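Novice: Predicted model and sequence below, questions to follow.
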Amino acid sequence: KQKCEKMKGVRGGLFVLLVVWITLVSFFSTGLCSVSDLSPLEETLVSLISEEQINSTQFHLTSTPHLAGTYQDYETATYTASLLESYGWNSSIETLNVLLNYPISRHVSITSPQNKIFTATMVENPFPQDPTSYSNDTVPTFNGYSPSGNVTAQIVYANYGTVSDYQHLQSLNISVEGKIVIVRYGAIFRGTKVMLAQIHGAVGVLIYSEPADDGYGFNHTRPVYPDGIWRPENSVQRGSALYLPLCPGNPIDSRVKELCINDDTPVNSTLPSIPVQPLSYADASPILAALSELSPDTVAPQSWQGALPFTYTIGPAPTLEVNIALEMNFTETPIWNVFAKIPGTGPEAEKLIIIGNHRDAWVFGSGDPVSGTSVMLETARILGELVQKHNWTPKRTLVIASWDAEEYGLVGSTQFVEDNAKNLSDAAIVYLNVDVAVSNPNFAISSTPSLRTLIHGAANDSEFLNNNTIADTWNGKIGALGSGSDYTAFIDRIGVASLDYGFNDGPYPIYHSNYDSYHWMQSFIDPNWEIHSAAVRFLSLITFRIANDAVLNYNYHDYNTAMDEYLLTLLEAVQTYGGTGQVNLTGLATAIESFGQTADQIEATRLEVKRVFDETEGGNTNKVVELNRLLVSIERQFLSDKGVWGRPWFKHVLQAPGAYDGYGTQVLPSVMQLVMEQKWEKAGEEAEELVMQVEKATEYMKRGMEDLSRNESEGDSWWKKLVIGLAVVVGVLCGLLLILGALFVWYVLKRRTTDYHELDPLNPKQ
């Protein structure tokens, strides 16, 4: 019995020792038993999101049209600045004078034959269900930067007006020279449609919304607004006709000619020289129907057919003539960028995290851009509250940028970047763009590849609909950046890592129309503002982590993976365009492989520096700062002084908007464009220059690694080194004591157990 009692004591001691050991391990470890992937501060941050506040911002900003340069636009600037001040940010308004145009008069008609005479209304009808559709301030239907003009000519239907569409016309010996071209919206940026028509000699362009694309669909299977989300027959898509693939920004900036045009540029101005007018499908239908009746022998291919009730033909019809008469007021007018700031603290306080969204809209802009504005302002509110009420201080400075005149051609943001390029290149570490934050429930994102790991982490930790996360309902694809929103100047001019995201991967049928309204959004897209809330969670977590992490989570292994993808895309293009054997890409493949090896070393170093910093609660601060500087500046090494071939304003050699696309991305753009144009010798030359650019980035990384190694022990004061040394010694001693204690318990336990088993259970004395 005494032996058994002693065994109980030993077991009790072992249990106590086990509890102590677990406590020590828990104390010296982090994240081993985490219930949530969010830190306590992150939990607090996302708990502050208010759907009610999002709704309030949406309602206010969609209550009136706010086209760039108008007094309503200025009112939204003062409202935004005031709101940010109330959230604890220091706000300011910057005024810029830029060139914009506004319509004085517009006229589109069939002038002959007599029995086909028709005049387009170009008016969007109001609906009783949508109160704002009755607004007296509704913006007329027009295209930004369209010139004035009065032309009468035969008409040719050119499908979407893409390069391949014009190639098909040429194969049929159909010329658009001296004619008006009618094209449908979609496939490429509208300004590129106009540029291609101008290059091919057209004298005017009509761009209409095809019901097969964003209207009732084939066989009238889709409900149109106000009964559903789809574009009704009188709805018109406004938008800029600036030649965005050549150069965004203020077209009369004295730098434009110098920066945007060279001998290889297809046109000599970023402004169109021929008039262009957008149409509804109700107004386009009589023109296309007349073309169908009067040129029955020019039936368009099946892929060019639409949902209007006749066979689409190409034309021209000798007797059919159309008139476009536009009078525009081009004026140099003020626009207003709004900025707000929360200063950072610590050794990287001067580094900038810029969150941007444009504020101007073609009309009410519930999806574009007010959904993004609502998300950005709610993110600003909860970050401000985290600072004011929860004692958080960002390690880097937070900047909110509310851009103006984005709709005309990224005017406000481009002007800001051009005017502040040196300071931004030194200080900006990331640009986070949100434009159309919500137009459907489908998440989409594009970014520079170094941000991919950060993006996936935030998507995994952002709650979404039906108890899912964003990652649960997203295909995981992260695209390369093209153009069409305010990240363009940041990545393409000064090499700042950037992303652009939103729940917008899918239909957005009332885009740039009178019906992109609060009623449309609340009735059909996000009635409880839950999708907006998910967009805020994602943006706030990304922002918080970049602002709060000591070691930036920029992953260049991911960058190398993306470069491999880009190379594969280029190789496929070479094969598609018949260039096998015409251009040698072996050197590029070798350079990318070498970059990848160094990128893996950078990532291993980043993880090790982070581990040491976390475990020592500080580590080598100077080394962390130097590593972060390296991680940020690698992106800059892909900027070419001479720019992308044919488009010198774009300097990033790995991605740019497509030369004849405008929105979509063109990877390895100089070589890719020359391959598509089958200019093999020049493509080879550009491939060699691309190799040198990649090698330059690789050498830069290697030098950065060498500097980190050389300075590894520098930057910490003697007392911090002493504390770290003592902590290591104490840790080792604790470990030894734990081992000795465990051995002692094992010995006692073994001895007592052995004695216990040697007892004779039949001997009552024992």
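Specialist: The structure has been received and is ready for your questions. Only a predicted model underlies this, so the values are computations on that prediction, with no experimental measurement involved. Numbering: from 1, shown residues only.
Novice: Could you give the number of residues near residue 389?
Specialist: 11 (other CB atoms under 10 Å). Just so you know, the C-beta spots here come from the backbone N, C-alpha and C atoms, and that holds for glycine as well.
Novice: what helix or strand is it on?
Specialist: For residue 389, the host element (DSSP states H and E) is helix 371-390.
Novice: Report the mean per-residue pLDDT for that helix.
Specialist: Mean pLDDT, computed over helix 371-390, is 98.
Novice: Then stretch 48-63?
Specialist: Stretch 48-63 carries an average pLDDT of 98.
Novice: residues of that stretch that come out buried?
Specialist: 48, 49, 53, 54, 55, 57, 58, 61, 62 (16 or more other CB atoms under 10 Å).
Novice: Of these, which belong to helices?
Specialist: 53, 54, 55, 57, 58, 61 (DSSP state H).
Novice: And for residue 186, the neighbour number?
Specialist: Residue 186 has 18 neighbouring residues, counting by other CB under 10 Å.
Novice: how far away is the closest residue to it other than its chain neighbours from residue 484?
Specialist: Leaving aside its sequence neighbours, residue 186 sits nearest to residue 213 (CB to CB, 6 or more residues apart in numbering; 5.1 Å). Noted for residue 213: a distance of 18 Å to residue 484, by CB to CB, to the nearest Å.
Novice: Downstream of the helix holding residue 389, the next helix or strand is which one?
Specialist: Next along the chain after helix 371-390, with elements defined by DSSP H and E, is strand 397-403.
Novice: And that following strand, what does it pack against?
Specialist: Counting contacts by 3 or more CB pairs under 8 Å, 6 or more residues apart in numbering; DSSP states H and E, strand 397-403 packs against helix 71-86, strand 321-342, strand 352-358, helix 371-390, helix 411-419.
Novice: hmm, try it at 6 Å
Specialist: In terms of contacts (3 or more CB pairs under 6 Å, 6 or more residues apart in numbering; DSSP states H and E), strand 397-403 is packed against strand 321-342, strand 352-358.
Novice: and these, which is most packed in?
Specialist: strand 352-358 (a mean of 26; mean count of other CB atoms under 10 Å).
Novice: Pull the number of nearby residues for the residue nearest to residue 160 when sequence neighbours are not counted.
Specialist: Spatially, and ignoring its direct neighbours in sequence, residue 160 is nearest to residue 187 (3.9 Å; CB to CB, 6+ apart). For residue 187, the count of nearby residues is 18 (other CB under 10 Å).
Novice: Repeat that for residue 497.
Specialist: 27.
Novice: and it, backbone torsions?
Specialist: Dihedral pair for residue 497: phi -50, psi 130, per degrees, to the nearest 10.
Novice: Just give the number of residues close to the residue nearest to it when sequence neighbours are not counted.
Specialist: Once flanking residues are discounted, residue 497 sits nearest to residue 448: 4.5 Å by CB to CB, 6+ apart. Counted with other CB under 10 Å, the neighbours of residue 448 add up to 28.
Novice: Quote the end-to-end distance of stretch 520-537.
Specialist: Using CA to CA, to the nearest Å, the end-to-end distance of stretch 520-537 comes out at 23 Å.
Novice: I meant to write stretch 353-364 there.
Specialist: So stretch 353-364: terminal residues 29 Å apart, CA to CA.
Novice: pLDDT (mean, whole number) over that stretch?
Specialist: Stretch 353-364 shows a mean pLDDT of 98.
Novice: residues making contact with it?
Specialist: For stretch 353-364, the surrounding residues in contact (CB atoms under 6 Å, 6 or more residues apart in numbering) are 62, 65-66, 68, 73, 76, 132, 139, 238, 369, 372-373, 376, 396, 398-407, 428, 430-434, 486, 512, 514, 516-517, 546-547.
Novice: residues in contact with the residue most central in space within the chain?
Specialist: In the chain, the residue lying closest to the centroid (CA atoms, centre = their mean) is residue 500, at 1.2 Å. For residue 500, the contact set (CB under 6 Å, 6+ apart) comprises 433, 446, 485, 487.
Novice: quick check, it in a strand?
Specialist: Yes. Counting by DSSP: H, G, I helix; E, B strand; the rest coil, residue 500 is found in a strand.
Novice: before we move on, the earlier item: so the residue nearest to residue 497 versus residue 559, what's the distance?
Specialist: 8 Å.
Novice: ok so, going back, with distance to residue 262 added, can I get the ones in helices among the buried residues of stretch 48-63 in CSV?
Specialist: Output for these, formatted as CSV (distance: CB to CB, whole Å):
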residue, distance to residue 262
53, 48
54, 46
55, 49
57, 44
58, 44
61, 40
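Novice: between those residues, which is nearest residue 334?
Specialist: Comparing these against residue 334 with CB to CB places residue 61 closest, at 19.8 Å.
Novice: and the nearest residue to that closest one once chain neighbours are set aside, how many neighbours?
Specialist: Of all residues not flanking residue 61 in the chain, residue 370 sits nearest, at 4.6 Å (CB to CB, 6+ apart). Neighbourhood size, residue 370 [other CB under 10 Å]: 30.
Novice: Which residues are in contact with residue 370?
Specialist: Going by CB under 6 Å, 6+ apart, the list of residues near residue 370 reads 58, 61, 62.
Novice: Could I get these in JSON lines, plus columns for distance to residue 175?
Specialist: Below are those laid out as JSON lines (distance: CB to CB, whole Å):
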{"residue": "58", "distance to residue 175": "48"}
{"residue": "61", "distance to residue 175": "47"}
{"residue": "62", "distance to residue 175": "45"}
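Novice: and of those residues, the nearest to residue 696?
Specialist: Nearest to residue 696 among those, with distances taken as CB to CB, is residue 61, at 44.7 Å.
Novice: what about that closest one, distance to residue 674?
Specialist: To residue 674, residue 61 is 44 Å away according to CB to CB.
Novice: next one: residue 105
Specialist: Going from residue 105 to residue 674 by CB to CB gives 43 Å.
Novice: what do you get for residue 428?
Specialist: Taking CB to CB, one finds residue 428 at 31 Å from residue 674.
Novice: that older thread, tell me what the residue nearest to the centre of the chain is bridged to.
Specialist: Beta bridges link residue 500 to residue 433, residue 446 when assigned by DSSP bridges.
Novice: where do the helices sit along the stretch 101-250 of the chain?
Specialist: 163-171, 190-199, 211-214 (DSSP state H, counting those that start in this stretch).
Novice: Outside of the longest one itself, list whatever touches it.
Specialist: Read that as helix 190-199. The contact list for helix 190-199, computed with CB under 6 Å, 6+ apart, reads 161, 181, 183, 205, 207, 239, 241-245, 266, 272, 274, 276, 660, 662.
Novice: try the last one
Specialist: Residues from elsewhere that reach helix 211-214 (CB under 6 Å, 6+ apart): 186, 218, 231, 281, 306, 307, 509.
Novice: Narrow those residues to just the buried residues.
Specialist: Neighbour counting with 16+ other CB under 10 Å marks 186, 231, 281, 306, 307, 509 as buried within those.
Novice: and the residue nearest to residue 445 when sequence neighbours are not counted, how many neighbours does it have?
Specialist: Spatial nearest neighbour of residue 445, chain neighbours left out: residue 501 (3.9 Å); criterion: CB to CB, 6+ apart. Neighbourhood size, residue 501 [other CB under 10 Å]: 28.
Novice: distance of residue 501 from residue 458?
Specialist: From residue 501 over to residue 458 (counting by CB to CB), the distance is 10 Å.
Novice: if I pick residue 533, what's in contact with it?
Specialist: Residues near residue 533 by CB under 6 Å, 6+ apart: 49, 51.
Novice: That one belongs to a helix?
Specialist: Yes. Assessed with three-state DSSP, residue 533 lies in a helix.
Novice: Quickly name whichever of the buried ones among the contacts of helix 211-214 is closest to residue 555.
Specialist: Using CB to CB, the buried ones among the contacts of helix 211-214 come closest to residue 555 at residue 186, 35.0 Å.
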